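Q: Sequence first, predicted coordinates after that:
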Amino acid sequence: MRSSHRALFLIIGAAIMAFALPAVALEPGPADMITADAIRGHVYFLASDALEGRYVGDAGYEVAARYGQSQFVAAGLRPGAADGSGASYFQEVPVLRRRSAGDISLTVRTAEGSTTFSEGDDFTWFQGEMFPWEKRELEVVFAGYGISEPDHGWDDLSDVDVRDKVVIIMMGVPTRAGEPILPEAIHARYAPPNAIMKKMAELMYRGAAGIFVLPDEMILEAWDALPSKAPIPQFEYDNRQPGAIHITLLSPIKPEVVEAIFAGQDRLPPGMGHPGPETPGSFYLRDVTLTFEGTFSEEKVLTWNVVGVVDGTDPQLKSEYVVVTAHLDSTAPREDGEINNGADDNASGAAGIMEVARVLAKSPPRRSVVFVLLSGEEAMCIGSRHFVSDSPVPLDKIVANVNLDMIGRTAPANEADRSHYAIDSDRITPEFTRLIKEVNSSTLAWPLKFETETGSSDHMMFHAAGIPAVSFYSGHHDDVNLPTDDPEKLDYEKAEKISRLVYEITMELGNRENLW
């Protein structure tokens, strides 16, 4: 790892001296050694203006990464990654910064010929990555509403393989005679327009290359206001190996594109507006491929995950791993020069990890624990995608992931009891939710709200690999990703309690004989 500026080392040295932790007297339990004051010290350094938002590829991120390394070294963690010279705390993440240098097009090829459409006019690059799929002829599948709820009698994805294909789906939720088919709570989960992101996550887990959203009245009316990623510089995960996790491209399309794709097909999605055998059921399209093309400028960006390991004490179980994560980055300074310091998002989670690691290393559990300060969560989870895609420990030996993404604030709706969200703990197995509830009940008894897919974070990349994961999350507040997310606004007592709870959960995961 090379230094961006010689002055960085002076800053780091000063920071380590300023925030060196005094010896802590033994409290009734190990978790009590995690303190609000220690977390506050980390946050005030990481979220200071001097680090300029800890943006991927910037000097401030390197300072933060070296600070994280210093804390892992002081705690006694061993290096958990490797570089060309051997063991290292720094796992280099391959990243490209790309900017569109011309028009982006979509070519639809059928048995009858080809038609080319342009980004912005005919389709909108709304979310996800185009990079992995460019200049490839992609097959197409229609997948109804894109909803997979087999326990409730509806699964659009059961009979189709979406991997490396463009999947066409409808907005909304299935109904019959105007009434919901799915149970009320499940119907409500998919009915809002933003439920498209939940559908996107499921299709990403299944390896879809892209998602085309059939246009409805709402999409067409809002077309000119739909944000596009095309004019914005993008961070792309530059890993072209099979199995590398990429973010599925999401794009609304105009009726003209729909007509071109489905021309000559035996089956059609509902609402095509002309006679034909319409069906909401999933099916593969015959003799149709789609190709994205564009011209982009590219430059490599140097960034790292910071990885430290506490080896387990059990001769057999030490070869299994609990992975505890928090993203270290924030967002770029604004055009007017104001800095997004990211105190809650996510200096708070990074500080929590440092303290959990410090205490857990004093008395390790039976399984090994990997602590990771991740790069690029704000750039579509690039750091966690690389950790999972090119894991420094055997992926099939990771038993669980505990992620901290904002632990220092409370969402306005939860202010009465300062409750905190535990996100997605039951996606892989309900046993993880039960374990968290049991540990919380017997230790901190902090009010938790267990939610599914209320946001996105690094834990989702572990889900993509079939690993049980949970993300502890403050909930959205008005300062997220703004210059006003500053250290003085954090509830450090709450951050202390959530960090202690994460310690207790990690120890239980590390010590319990049989987990799932």
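A: It's in. Numbering: from 1, shown residues only.

Q: Tell me where the stretch 1-150 of the chain has strands.
A: Listed in chain order, the strands of the stretch 1-150 of the chain (DSSP state E, counting those that start in this stretch) span 78-79, 81-83, 86-88, 90-92, 95-100, 105-110, 113-118, 138-142, 148-149.

Q: If you count contacts, what does the fourth one end up packed against?
A: In other words, strand 90-92. Strand 90-92 sits against strand 81-83, strand 304-310, with contacts defined as 3 or more CB pairs under 8 Å, 6 or more residues apart in numbering; DSSP states H and E. Backbone N, C-alpha and C define where each C-beta goes, glycine included.

Q: Could you identify which of these is most buried?
A: Most buried of the helices and strands packed on strand 90-92 by mean neighbour count (mean count of other CB atoms under 10 Å) is strand 304-310; its value is a mean of 27.

Q: Can you list the strands that the very next helix or strand once past that one pairs with?
A: Following strand 304-310 in sequence order, the next helix or strand is strand 321-327 (DSSP states H and E). Using DSSP bridges, strand 321-327 pairs in its sheet with strand 368-374 (parallel), strand 398-404 (parallel).

Q: What sits closest to Pro30 if chain neighbours are left out?
A: Of all residues beyond its chain neighbours, the one nearest Pro30 is Val359 (5.4 Å), with distances taken as CB to CB, 6 or more residues apart in numbering.

Q: same deal with Lys362?
A: Per CB to CB, 6+ apart, closest to Lys362 is Pro30, 6.8 Å.

Q: quick one: the one you found from Met507, how far?
A: The spacing between Pro30 and Met507, counted by CB to CB, to the nearest Å, is 8 Å.

Q: What is the burial count for the residue nearest to Lys362?
A: 16 (other CB atoms under 10 Å).

Q: what's the spacing between it and Glu504?
A: From Pro30 to Glu504 the distance is 9 Å (CB to CB).

Q: again, but for Asp426
A: Taken as CB to CB, the span from Asp426 to Glu504 is 19 Å.

Q: on that earlier part again, kindly state the pLDDT recorded for the residue nearest to Pro30?
A: Note for Val359: predicted pLDDT of 98.

Q: so how far is Ile353 from it?
A: In terms of CB to CB, Val359 sits 11 Å off from Ile353.

Q: cool, and Phe262?
A: 49 Å.

Q: CA atoms only: put stretch 154-168 into CSV for me.
A: Output in CSV follows, covering the C-alpha atoms of stretch 154-168 (Å, rounded to 0.1, in the frame of the first residue of the first chain):
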residue,chain,number,x,y,z
TRP,A,154,-46.8,-17.1,-5.6
ASP,A,155,-43.4,-17.5,-7.3
ASP,A,156,-42.6,-15.8,-10.6
LEU,A,157,-39.0,-17.1,-10.5
SER,A,158,-39.6,-20.8,-9.9
ASP,A,159,-39.6,-22.0,-13.5
VAL,A,160,-37.0,-19.7,-15.1
ASP,A,161,-33.3,-19.4,-14.8
VAL,A,162,-32.4,-15.7,-14.9
ARG,A,163,-28.7,-16.0,-14.5
ASP,A,164,-26.8,-13.7,-17.1
LYS,A,165,-30.1,-12.8,-18.7
VAL,A,166,-32.2,-9.6,-19.0
VAL,A,167,-35.4,-10.1,-17.0
ILE,A,168,-38.5,-8.2,-17.9
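
Q: May I see the helices and strands packed on strand 90-92 arranged in CSV, with mean pLDDT and distance to Glu451 as well?
A: Formatted as CSV, these follow (pLDDT from 0 to 100; distance: least, CB to CB, whole Å):
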stretch, mean pLDDT, distance to Glu451
strand 81-83, 88, 32
strand 304-310, 98, 26
